[in-house]
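Peer 1: Any chance you could fold what I've pasted below:
(2 chains)
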Amino acid sequence: MNARKFLAAGTIAVLSLFGTAAWAQQSGEGAKPSDPQIVGVVSAANQIDINEAKMALKKTKNDQVKQFAQQMIDDHTKLQKSVDDLAKKLKVKAEPSDISKSLHTADAAEMKKLRGLRGKAFDKEYIDHEVAYHQQVIDAASKVLIPNAQNAELKSALEGAAPLLQGHLDHAKQIQSSMGGSASAGTHKHHKKA
Amino acid sequence: MSSSALVLPAAHIARRGNLFRGRPRCVLSLFLLSAMNLLLAHAAVAQNPQQGSSASHTPGAEVIIKNFSFQPSQLSVRPGESIEFKNQDIYAHTVTADDGSFDSGLIQPGSSWKLTVPKAGTIAYHCGPHPNMKATLVAASGAGQQPAAGSAGGSSPGFNPPKSPQEFHPILVNFTAALLPLAFLSDLLGLWSKRASLHNAAAWMVLYAAIITPFTAAAGWWWKTKSAGALPPSIIAVHEWLGTSLAVIFILLAIWRWRPQHRNTAPGNVYLVITAIVVLALIYQGSLGGLMVFGR
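Peer 2: Model (predicted):
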């Protein structure tokens, strides 16, 4: 009887192990995106940043933020064009994935939040978000997208975009620290050019 | 007489109008004089930093902006030198000094921007929109020059002797460039004034040119070898072979000019026409050299 008990316990253990693995595979965290899905994620990330920058351009009165937003539109439009060109060349069509879906969900919430803010509060939220967002995209690129890219050209294109994203992150952080200094100095004053 | 020949050989020749009398002493004194001239001119030219040290100076310094980097990331320049920043990336970038001393504004892809190095010292710069792009300019004033203070305006240059064979090229080239045109003019003047001494002087100058020019050419070749492709290939290709040809032509002209019984007489028209053509070639050759040193 002991042997039968062991067999049953063993079977349950093995089955549950397989089950967990299968579940992990289906969930967003452990998913390995295909090349079309990677193109989809990059395109979504570009589009989201361009849309938020367009809103910032309309709402902000801060020259630094305005310049940054314009740069995001210019740089990400160019990055998207190079992604489109490469996808066309490789005959890869962008596909949605859990990662791109979660990016869109987070973006919808952020856009709603930004719509409700104005003046300095808007600038701060936009720049803070840009810092977090670029950090998130850099992490996704280095940990998920680049290691899983099958096509060598796609892989090197992703690696080539890394310094661009790092540059945006550094720039956003710079503005963040410069705004942090001025925000406490004159909270009630409207932004004035020095 | 012997002392006067040593001190004033040119006057001696002019007075006597004859080279053959007391010739060994005369030749010796002339060589001494030319050696002295060479030393004096050497010092005078070497004092000019633009000419004397142009070997270590890269004409047309440029920085390429590509793949989110400035290439080269460290560039040695001189205060007052102009640097061209060429944006070959697909994104717009800026060239912004960390200390705020210069800022290009956005340089669009395919465009370029020129900077005149404002001061001596190490100048760190970055790209405004992409602060992770960083590079430095190391602006050093030339050896013997006053550092920093007044370097933009032009401090008095110190003595800067040539340190390698190629640095003799811009010095020797002065003799090559001066002697043949002067010989030609001296012959023309001799024809006009009917003075044998002027033809005599011309013969000597052609001889000097023939002796010095091979050294000028050799120093030039040395420079080219040492520069390892840093000189513009299209210009250097013409300059090196025209220069070598000129050295050979000078020797042939000197042999022709020094035929027995012809040293003191007016040269023929064929000789004069050929010399005129060589002088024109020499001027063109000089302009190519200037193009490489000054960049335009």
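Peer 1: Can you name the secondary structure element that comes next after the helix or strand hosting B:F184?
Peer 2: Assigned by DSSP states H and E, B:F184 falls within helix B:169-193. Once the chain leaves helix B:169-193, the next helix or strand it forms, by DSSP H and E, is helix B:196-227.
Peer 1: helices or strands up against the helix or strand following that next one?
Peer 2: Per DSSP H and E, the first helix or strand lying C-terminal to helix B:196-227 is helix B:233-257. Counting by 3 or more C-beta pairs under 8 Å, 6 or more residues apart in numbering or on different chains; DSSP states H and E, the packing neighbours recorded for helix B:233-257 are helix B:169-193, helix B:196-227, helix B:269-294. Where C-beta positions appear, they are placed from N, C-alpha and C, glycine not excepted.
Peer 1: Tabulate those helices (CSV), appending distance to chain A and mean neighbour count.
Peer 2: Output for those, formatted as CSV (distance: least, C-beta to the nearest C-beta, whole Å; neighbours: other C-beta atoms under 10 Å in any protein chain shown):
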stretch, distance to chain A, mean neighbour count
helix B:169-193, 43, 20
helix B:196-227, 33, 20
helix B:269-294, 36, 15
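Peer 1: could the ones you listed be laid out in TSV, adding distance to A:I138?
Peer 2: Putting these into TSV (distance: least, C-beta to C-beta, whole Å) gives the following:
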stretch	distance to A:I138
helix B:169-193	53
helix B:196-227	43
helix B:269-294	46
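Peer 1: Of all the ones you listed, which one comes closest to A:E95?
Peer 2: Closest approach to A:E95 among the helices and strands packed on helix B:233-257 is made by helix B:196-227 (54.9 Å; C-beta to C-beta).
Peer 1: so is the residue in chain B positioned nearest to chain A in a helix, a strand, or just coil?
Peer 2: Across chain B, no residue is closer to chain A than B:H130, which sits at 2.9 Å (C-beta to the nearest C-beta). State at B:H130, reduced to three classes by DSSP: H, G, I helix; E, B strand; the rest coil: coil.
Peer 1: Next, it: phi, psi?
Peer 2: Taking degrees, to the nearest 10, you get phi -130, psi 80 for the backbone angles of B:H130.
Peer 1: Run a quick neighbour tally on it.
Peer 2: Neighbour count of B:H130, defined by other C-beta atoms under 10 Å in any protein chain shown: 26.
Peer 1: Point me to the helix or strand that includes the closest residue to it other than its chain neighbours.
Peer 2: Closest residue to B:H130 apart from its sequence neighbours, by C-beta to C-beta, 6 or more residues apart in numbering or on different chains: A:G167 at 2.9 Å. Following DSSP H and E, one finds A:G167 within helix A:152-185.
Peer 1: what do you get for B:I123?
Peer 2: For B:I123, the enclosing helix or strand under DSSP H and E is strand B:121-126.
Peer 1: And for that strand, what's in contact with it?
Peer 2: For strand B:121-126, contacts defined as C-beta atoms under 8 Å, 6 or more residues apart in numbering or on different chains pick out B:70, B:95-99, B:101-102, B:117, B:133-139, B:148.
Peer 1: Cross-check these against chain A and keep the overlap.
Peer 2: Within the set of these, contact with chain A (C-beta under 8 Å from any C-beta of the partner chain) is found for B:M133.
Peer 1: Now restrict the contacts of strand B:121-126 to buried residues only.
Peer 2: The neighbour count (16 or more other C-beta atoms under 10 Å in any protein chain shown) marks B:F70, B:V95, B:T96, B:A97, B:F102, B:V117, B:M133, B:A135, B:T136, B:L137, B:A139 as buried among the contacts of strand B:121-126.
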